[in-house]
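Engineer: here is a sequence with its predicted model. Questions after.
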Number of protein chains: 2
Amino acid sequence: MSKKERTAIQPTREENYAEWYQQVIRAADLAENSEVRGCMVIKPWGYAIWENIQKTLNEMFRETGHRNAYFPIFIPKSYFEKEAEHVEGFAKECAVVTHSKLEEDGKGGLKPAGELTEAYIVRPTSETIIGASFAKWVNSYRDLPLLINQWANVVRWEMRTRLFLRTTEFLWQEGHTVHETSEEAMEETLQMLDVYASFAQDFLAIPVIKGEKTEGEKFPGAVNTYSIEAMMQDKKALQSGTSHFLGQNFATASGIRFQNREGEFQHAWTTSWGVSTRLIGALIMAHSDDDGLVLPPKIAPSHIAIVPIHRDETEREAVMAMAEKIEKSFKNTRFEGVRVYTELDNRDLTSSERNWYWIKKGIPLRIEIGPRDVASNSVMIARRDLGPREKQSVAMDDVVDYCLKTLSEIQSNILERALKFRQDNTVKIDTKEDFYSFFTPKNTELPEIHGGFVLSHWCGCPDCEEKIKDDLKVTIRCIPFDAEEEDGKCINCGAQSKRRVVFAKSY
Amino acid sequence: MSKKERTAIQPTREENYAEWYQQVIRAADLAENSEVRGCMVIKPWGYAIWENIQKTLNEMFRETGHRNAYFPIFIPKSYFEKEAEHVEGFAKECAVVTHSKLEEDGKGGLKPAGELTEAYIVRPTSETIIGASFAKWVNSYRDLPLLINQWANVVRWEMRTRLFLRTTEFLWQEGHTVHETSEEAMEETLQMLDVYASFAQDFLAIPVIKGEKTEGEKFPGAVNTYSIEAMMQDKKALQSGTSHFLGQNFATASGIRFQNREGEFQHAWTTSWGVSTRLIGALIMAHSDDDGLVLPPKIAPSHIAIVPIHRDETEREAVMAMAEKIEKSFKNTRFEGVRVYTELDNRDLTSSERNWYWIKKGIPLRIEIGPRDVASNSVMIARRDLGPREKQSVAMDDVVDYCLKTLSEIQSNILERALKFRQDNTVKIDTKEDFYSFFTPKNTELPEIHGGFVLSHWCGCPDCEEKIKDDLKVTIRCIPFDAEEEDGKCINCGAQSKRRVVFAKSY
């Protein structure tokens, strides 16, 4: 927009990014806070995005040989205690079930009763409970690899929550696999990171950096943690998926042993990997604008809003006939393998209200049909990824072709835009002064949006990492796979370094 | 089978029905008990059945205008207490979360810490927590009807559990809807019962009786509860789905009010309805035989096992070529709209082991291919719904057509068989003596399997219902919709009655 117009979302990203995020969610009716501390309600439009994420990932998991299963939501406290780092990582924020019923408290209310002999933890992640099953399932190298995925809800008692990004309960998938050798487990770990990266890029239109987490940032109990890191529009990083090489840590804790090809018993090698409803937060923050949600067509619950405009009964009849004809013409159509869904919106609201409704919901295309369009046998089509007032006249006969082609174009346009944004906001910095200056908000009207991804040298020591985190709230997002070997000096202590890592503020 | 052969499942149904059920589950690798009290692990083959159930029901729910959403797993104790009957119904068997972390207990272990000011209940059902959201969403008659469904895990602390049939944690869907009028809510309640009945019959191949529950058997807090009741092979009933007309009870408890067409505020009318992983138990018990699981093709995770048989490298090459050609020929084929999946099983096991593996898993068709089949350019095909030794020779060119046609045939054959079984075991009884005798196991070698569905008159009073339940463990399964009006006398007290109800033992 060249001149300053009032946008549908107030405040704008520049004015107050955090509040803009909440308002986009509210305007698109994706989710809301519940009265249960830190737990969200995912509303139909938001849940439909999650279902599309599930559907697409499920196919990718299946193609790579994984099968879905389901394990108990409760983890006995004793299981949880088996892996020392693991329990330390999760004990401070878990929901503990201590009783199995309620009984009258004598004051007209109810109190917990039936105390359990052993407390249960509502799963914050399932390595230990799934490990207990795997220990029974795995006996011989012939049982391996064991490739399992679970779709589930998990609970981590978060202090400061934010819809989708950090909630006490969230939905996710967790892959858990068992292997004969360390090499094979590592191959699986990296393969699943690739699956996540492809999914983020090809479906969510979010470019990501693949890399390894530092010792301080890895999953509690893992040997190595890998992640995909995405840049949001406030230039912060969002960790969007993780894949863990667990070595023999959890196999030892859970007793996952097998008879190897030499007839000897040994502990197996395991992995785990997950993405969650956090991805919806990433989607929102990567693509949305000051008019609301922008959805990549390949993950959108619906693709085309058809908005008929009529003032009287005569107009209504002709316009609706055309609208219904268009709706019908999309039946069983697909773009890039994705089934096209349409929404014929003839609600008793003004056309402007209906248009803005769908703009705020991020539907990729809108087709407006009024009496003049009937007369000219053409319609006006608006793309959500362009400005709200840009519309294209398309002849009736071309509508389906135009829309299918344009849905693909929108998908790649959104990805390219996100890629360009990341490139424009990624810099190499070689002096401590520049580094600190880069991450210090300038005294402007836009305090929230600053920084970016900084590629700097790091000596590898936790103290330097910690110092920068303490000073600037900047963390090492990952040691990127594609970093070239290069001599340099640690941005904090000046010690020798062999490659650059990615520093950023993050969610 | 004419003569007595050793079957794959030991004991047989007749010998020990309850144990047979466990063994079918184990042989098909559907699920197992976990070490978490009453919680099961659903293994890939069992979970794939659940995914097919989800997929099919999801389409049916969507077609009837429902949308999926997700609500918190935790219910604050105060919400739970709002509806008196409801809390009474569930308070005795619920998981209570009282703490938000674990800390060192000074003895090398961990103890619950961070006591919550208000305890949370892990949802046993979500009327109250969803009601809290609905109260915010509904303001005007224009917001109605509100038609929501949730797929979720729920927890009820069961004392005696049995895989799929009764577990502490189970998976289900729960529909929750809000309406402007009582009539509309009742229409929805009955519509969803119809959806369940169609699904049971058309996909699970289980005939069901639709009817209303008695006062004593209805859902805690409902005005009316309706159910579908199926007969298992031990002649017991299994309640397979319920739909509740909640009147204004929960709307009043949760404050779901709206401005009606007259501009006045009033409480809305709500419904809820659900089916669960219990349906998998119904599937198993309705159709399986003494050789293991029998799956209706329309709900089976996979449809055709291809078992190549070869003794040396020359045979292997020709046989595998044919097996792969067959597998390829099923790509993108469908029967009755259902995508066909195949399993080419060339594992290093004898052909008998592989055949029995798939028989026990209930795969609808098996294609065996040996060197002689290669020579004759035909294959042997076995149907799971017939005896394990019945096989049909089919020419290569006809294999796809034969299989697609036969999958449909198996689906209807299984349904017809279940229907016939129910008919054969449903009787009208008019004297108390006959009634008691019918439900008393005769002193035979088959104590478990007896009884059936009995259509008898009932005066409508809870005492008569209770007496029969106490004496015989027989309950009124439902007051069937299709019962014709007929004068009769209550089977217990002899008082006047206008129609027969369905009595049976049940799960």
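Structural biologist: Received the coordinates, thanks.
Engineer: against residue B:170, how distant is residue A:231?
Structural biologist: Distance, residue A:231 to residue B:170, by CB to CB, to the nearest Å: 41 Å. For glycine as for every other residue, the C-beta is placed from the backbone atoms N, C-alpha and C.
Engineer: which elements pack onto the helix or strand of chain A with the lowest mean pLDDT?
Structural biologist: None of the helices or strands of chain A scores lower by mean pLDDT, DSSP states H and E than helix A:84-90, at a mean of 87. Judged by 3 or more CB pairs under 8 Å, 6 or more residues apart in numbering or on different chains; DSSP states H and E, helix A:84-90 is in contact with helix A:77-80, helix A:249-254.
Engineer: phi first, then psi, for the residue nearest to residue A:169 when sequence neighbours are not counted.
Structural biologist: The shortest distance from residue A:169 to any non-neighbouring residue, by CB to CB, 6 or more residues apart in numbering or on different chains, is to residue A:39 (4.6 Å). Per-residue torsions, residue A:39: phi -100, psi 140 (degrees, to the nearest 10).
Engineer: next: residue A:407.
Structural biologist: Torsion angles, degrees, to the nearest 10, at residue A:407: phi -60, psi -40.
Engineer: hmm, residue A:335 and it touching each other?
Structural biologist: Yes: with contact defined as CB atoms under 8 Å, residue A:407 counts as touching residue A:335 (4.4 Å).
Engineer: before we move on, back to that, pick the most buried one from the helices and strands packed on helix A:84-90.
Structural biologist: Stretch with highest mean neighbour count among the helices and strands packed on helix A:84-90: helix A:249-254 (a mean of 23; mean count of other CB atoms under 10 Å in any protein chain shown).
Engineer: could you give me the buried positions within the following helix or strand past that helix?
Structural biologist: Next in sequence after helix A:249-254, counting helices and strands by DSSP states H and E, comes strand A:257-259. Neighbour-count burial for strand A:257-259 flags A:257, A:258 (criterion: 16 or more other CB atoms under 10 Å in any protein chain shown).
Engineer: quick one: distance of strand A:257-259 to the chain centre.
Structural biologist: In terms of CA atoms, centre = their mean, to the nearest Å, the centre of strand A:257-259 is set 36 Å apart from its chain centre.
Engineer: which strands or helices does it pack on?
Structural biologist: In terms of contacts (3+ CB pairs under 8 Å, 6+ apart), strand A:257-259 is packed against strand A:265-267.
Engineer: so what strands line up beside the strand it packs on?
Structural biologist: Strand A:265-267 has the following sheet partners, assigned by DSSP bridges: strand A:257-259 (antiparallel).
Engineer: separation between the residue most central in space within chain A and residue A:39?
Structural biologist: With distances taken as CA atoms, centre = their mean, residue A:279 lies nearest the centre of chain A, 1.0 Å away. Distance, residue A:279 to residue A:39, by CB to CB: 18 Å.
Engineer: neighbour count for residue A:231 and residue B:170, which is higher?
Structural biologist: Neighbour tally, residue A:231 and residue B:170, criterion other CB atoms under 10 Å in any protein chain shown: the higher count belongs to residue A:231, 30 against 24.
Engineer: now that one, which residues is it bridged with?
Structural biologist: Counting by DSSP bridges, residue A:231 is bridged to residue A:237.
Engineer: do residue A:42 as well
Structural biologist: Taking DSSP bridges, one obtains residue A:31, residue B:70 as the residues bridged to residue A:42.
Engineer: in contact with it: list those residues for me.
Structural biologist: Counting by CB atoms under 8 Å, 6 or more residues apart in numbering or on different chains, residue A:42 touches A:30, A:31, A:50, A:171, A:277, B:69, B:70.
Engineer: which helix or strand contains the fourth one?
Structural biologist: Okay, so that is residue A:171. In the assignment (DSSP H and E), residue A:171 maps to strand A:169-179.
Engineer: following element in sequence after that strand, please.
Structural biologist: Defined by DSSP H and E, the subsequent element after strand A:169-179 is helix A:182-202.
Engineer: now do the buried residues in that following helix.
Structural biologist: Of all the residues in helix A:182-202, those buried under the rule 16+ other CB under 10 Å are A:184-186, A:188-193, A:195-197, A:199-202.
Engineer: same thing with stretch A:418-434?
Structural biologist: Counting neighbours by 16+ other CB under 10 Å, the buried set in stretch A:418-434 is A:418, A:421, A:422, A:425, A:426, A:429, A:432.
Engineer: show me those residues that map onto strands.
Structural biologist: Among the buried residues of stretch A:418-434, the members falling in strands (DSSP state E) are residue A:426.
Engineer: contact residues of the stretch 101-250 of chain A facing chain B?
Structural biologist: Counting by CB under 8 Å from any CB of the partner chain, the stretch 101-250 of chain A comes close to chain B at A:101-103, A:109-112, A:114, A:119-122, A:129, A:132-133, A:136, A:148, A:152-153, A:155, A:157, A:169, A:171.
Engineer: from these, which ones fall inside strands?
Structural biologist: A:101-103, A:110-112, A:114, A:119-122, A:148, A:152-153, A:155, A:169, A:171.
Engineer: among those, name the buried ones.
Structural biologist: Buried subset of those (neighbour count, 16+ other CB under 10 Å): A:101-102, A:110-112, A:114, A:119-122, A:148, A:152-153, A:155, A:169, A:171.
Engineer: wait, which of the residues you listed is closest to residue B:371?
Structural biologist: residue A:148 (37.1 Å; CB to CB).
Engineer: what's the spacing between the closest one and residue B:488?
Structural biologist: From residue A:148 across to residue B:488, the span is 56 Å (CB to CB).
Engineer: go ahead and confirm residue A:427 touches residue A:452.
Structural biologist: Yes: here residue A:427 reaches residue A:452: they are 6.4 Å apart, a contact under CB under 8 Å.
Engineer: okay, and the common contacts of these two?
Structural biologist: residue A:438.
Engineer: returning to that earlier point: could you look up the SS state of the residue nearest to the centre of chain A?
Structural biologist: Following DSSP: H, G, I helix; E, B strand; the rest coil, the label given to residue A:279 is helix.
Engineer: now for it: which residues touch it?
Structural biologist: Residue A:279 makes contact with A:53, A:200, A:204, A:240, A:241, according to CB under 8 Å, 6+ apart.
Engineer: if we go to 6 Å?
Structural biologist: Counting by CB atoms under 6 Å, 6 or more residues apart in numbering or on different chains, residue A:279 touches residue A:53.
Engineer: what about it, distance to chain B?
Structural biologist: Going from residue A:279 to chain B by CB to the nearest CB, to the nearest Å gives 15 Å.
Engineer: same deal with residue A:401?
Structural biologist: In terms of CB to the nearest CB, residue A:401 sits 25 Å off from chain B.
Engineer: so how far is the strand or helix carrying that residue off the chain centroid?
Structural biologist: Taking DSSP H and E as the criterion, residue A:401 maps to helix A:399-424. Remark: helix A:399-424 is offset 19 Å from the chain centroid, using CA atoms, centre = their mean.
Engineer: output the contacting helices and strands for that helix.
Structural biologist: Here helix A:399-424 touches strand A:334-335, going by 3 or more CB pairs under 6 Å, 6 or more residues apart in numbering or on different chains; DSSP states H and E.
Engineer: go again using 8 Å as the cut-off
Structural biologist: Where contact means 3+ CB pairs under 8 Å, 6+ apart, helix A:399-424 is packed against strand A:224-231, helix A:278-287, helix A:313-329, strand A:334-335, strand A:365-369, strand A:378-383.
Engineer: the stretch 351-500 of chain A against chain B: which residues are in contact?
Structural biologist: By CB under 8 Å from any CB, no residue of the stretch 351-500 of chain A approaches chain B.
Engineer: what residue ranges in the stretch 351-500 of chain A are flagged as low confidence?
Structural biologist: Scanning the stretch 351-500 of chain A for pLDDT under 70 picks out the ranges A:443-447.
Engineer: now the least confident helix or strand of chain A: buried residues?
Structural biologist: By neighbour count with 16+ other CB under 10 Å, helix A:84-90 contains the buried residues A:86, A:87, A:89, A:90.
Engineer: and the second one, how close does it get to residue A:141?
Structural biologist: To tie it back to what came earlier, the one meant is residue A:87. For residue A:87, the distance to residue A:141 - CB to CB - is 30 Å.
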